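# Structure for the following, please:
(4 chains)
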Number of protein chains: 2
Amino acid sequence: MRRQLNPSEAPPTSRPLYVQVKELMTRRIIDGAWTPGMALPSEFTLAEQFGVSQGTVRKALDALSGENIVVRFQGRGTFVAAHDPHDTLFHFFHLVGTDGARPRVESRLLSCRRGKANREELRNLGLPAGATVIRIRRVRLLDGADAIHELISVPAELFDDLDRQTIPNELYSLYQARYGVTVSRAIEHLRAVGADAEDVKAIGVDMQAPLLEIDRRAISLDGRAIEWRLSRCDTRLHRYQSEVV
Amino acid sequence: MRRQLNPSEAPPTSRPLYVQVKELMTRRIIDGAWTPGMALPSEFTLAEQFGVSQGTVRKALDALSGENIVVRFQGRGTFVAAHDPHDTLFHFFHLVGTDGARPRVESRLLSCRRGKANREELRNLGLPAGATVIRIRRVRLLDGADAIHELISVPAELFDDLDRQTIPNELYSLYQARYGVTVSRAIEHLRAVGADAEDVKAIGVDMQAPLLEIDRRAISLDGRAIEWRLSRCDTRLHRYQSEVV
DNA sequence: TAGTGGTCTAGACCACGAC
DNA sequence: TCGTGGTCTAGACCACTAC
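Purely as a prediction, here's the structure:
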């Protein structure tokens, strides 16, 4: 039997020490004991706290760093990743200009209301029937021109007063700063669709013009789906870029 | 000054030992000294050969493993990644059914000819003016139905007799097995377009029907662009799936 | 049983940033 | 100058595979 850090709550299968350390540290971030931007204790201090060697802590930190949960700087220390609006925007925003350059992105709010979740929202957000969501509808401008018609749904339970906030261009920093919810990854499904009447009104394309629809579920650090977003994009001047390794 | 494995050809900036070991091993694969499917020497043997510790070799192998260049099995050994047709297909093929399931993929060849590279092909493949390319045009079927109109261009210099081969459903295994060219990553640009007359003839969609266009440049182990592929996809029954971490 | 990769430890030195 | 993370080594033990 492999060594366990917390025998009391040990899972049925034993996992490597560094994985356990990684999970304990992730838990501290989820629970808010370590907050975004905060400096973590040094590797040696953590090793002492967890009762493992410095090399094991390092392996855990390297894993967290690979998932963008912490950032490390030689000579300075290790910090909980903070969602800087600009960096976060482009971490999850994959449209680039025809020349490959990042566009300037702005937003124009169309509406922000709460309502009873429909079937798709229940499924995409993993909510119980009858749950309330907050819906944001907006237009996003790329390099100054209307280009994306965006529909966002989030559970009202997690973001209680979001409908009374000023909606910023980059939402994930707000989710983190005001509601303590960190988006760690996202699953996107893309398809081509014809513009509908709403799209025509929102971004001024022709009826049935080909649009790239991005269906995104954003997942938080603890694995819950915390946002569902539908972005319908005019791709005459921009492309969705994806690198496959 | 950091220790260098090959002082004679040392680059201006010194890099970590494990990076140098990784590059030496990658070079052995590119040069064909280690071929796909072959078992590498054990970590201790490699450490002795390179004159470094086993831990350093391990770090290099872990990096190669992370890039899918080698695969490791506890108790069996480390092997050069071989492009198994089925696995490779889905490594680079991101269309899934509406339910998230992998579709059955087949191909119907329309044409395969050589010709003088046009301007776009020169740019996308990094070829000198006047270079010859081999062009493949085909339809791909998802779950039995015509769904993708695909145009593929590769440098004739690298794939000399490709136009006299039977074109398989999964090309990258052929590139590797017959021409010694391993695709290690790809860069894709997606946009929505309206079906043109060629698309209509090829996959039977309506004129101007919205299609998802995937523009892919495949990059080989040594960093050269070795294939340019344009896939125009009917996304009424399938989605392009992308996970952002 | 022998050999492989996977984990864990302990300790050394280096590169970098803050002071 | 000190403390941080980054690299490198050496050695121990474990888990798995093949024989």
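
# Would you mind listing what in chain A touches DNA strand C?
A:2-3, A:16-19, A:52-56, A:59, A:73-76 (C-beta under 7 Å from any atom of the strand). Yep, even glycine has a C-beta here, placed from its N, CA and C like the rest.

# hmm, which of those residues are the buried ones?
A:17-18, A:52, A:56, A:59 (16 or more other C-beta atoms under 10 Å in any protein chain shown).

# Among the residues of chain A next to DNA strand C, name the ones in helices.
Cross-referencing these against helices under DSSP state H gives A:17-19, A:54-56, A:59.

# Outline the domain layout of chain A.
Domain ranges of chain A: A:17-80, A:85-240, per automatic domain parsing.

# Is it possible to get JSON lines of the ones you listed that adds distance to B:Leu151 and mean pLDDT?
Formatted as JSON lines, those follow (distance: least, C-beta to C-beta, whole Å; pLDDT from 0 to 100):
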{"stretch": "domain A:17-80", "distance to B:Leu151": "36", "mean pLDDT": "95"}
{"stretch": "domain A:85-240", "distance to B:Leu151": "17", "mean pLDDT": "96"}
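
# mind giving me a markdown table with these and columns for distance to B:Leu158?
Formatted as a markdown table, those follow (distance: least, C-beta to C-beta, whole Å):
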| stretch | distance to B:Leu158 |
| --- | --- |
| domain A:17-80 | 34 |
| domain A:85-240 | 25 |
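
# which one of those lies closest to DNA strand D?
In terms of C-beta to the nearest atom of the strand, the element of those nearest to DNA strand D is domain A:17-80, at 3.4 Å.

# Report the distance from the closest one to the chain centre.
Using C-alpha atoms, centre = their mean, to the nearest Å, the mean C-alpha position of domain A:17-80 is found 20 Å from that of the whole chain.

# For chain A, what lies in contact range of chain B?
Residues of chain A found near chain B (C-beta under 8 Å from any C-beta of the partner chain) are A:67-68, A:91-92, A:94, A:96, A:184-194, A:208-213, A:215, A:233, A:235-236, A:238-245.

# how does it look with 7 Å?
Applying C-beta under 7 Å from any C-beta of the partner chain, one finds that chain A approaches chain B through A:67, A:92, A:185-194, A:210-212, A:235, A:239-245.

# Give the PyMOL command for selecting the buried subset of these.
Filtering the residues of chain A next to chain B down to the buried ones (16+ other C-beta under 10 Å) takes a single PyMOL command:
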select buried, chain A and resi 92+185+186+188+189+190+191+192+193+194+210+211+212+235+239+240+241+242+244
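
# For the residue most central in space within chain A, grab phi and psi.
Taking C-alpha atoms, centre = their mean, the centroid of chain A lies closest to A:Val183, which sits 2.9 Å from it. The phi and psi values for A:Val183, taken as degrees, to the nearest 10, are phi -80, psi 120.

# Could you verify my assumption that it touches A:Leu221?
No - using C-beta atoms under 7 Å, A:Val183 makes no contact with A:Leu221, being 8.2 Å away.

# for DNA strand D, what are the nearby residues on chain A?
A:1-2, A:40, A:42-45, A:55, A:58, A:61-62, A:72-78.

# Filter those residues down to the ones in strands?
Among those, the ones falling in strands (DSSP state E) are A:72-73, A:77-78.

# Just send those residues back as TSV, with distance to A:Glu23 too.
TSV is the format used below for those (distance: C-beta to C-beta, whole Å):
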residue	distance to A:Glu23
A:Arg72	19
A:Phe73	24
A:Gly77	21
A:Thr78	17
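
# Great, nothing more from me.
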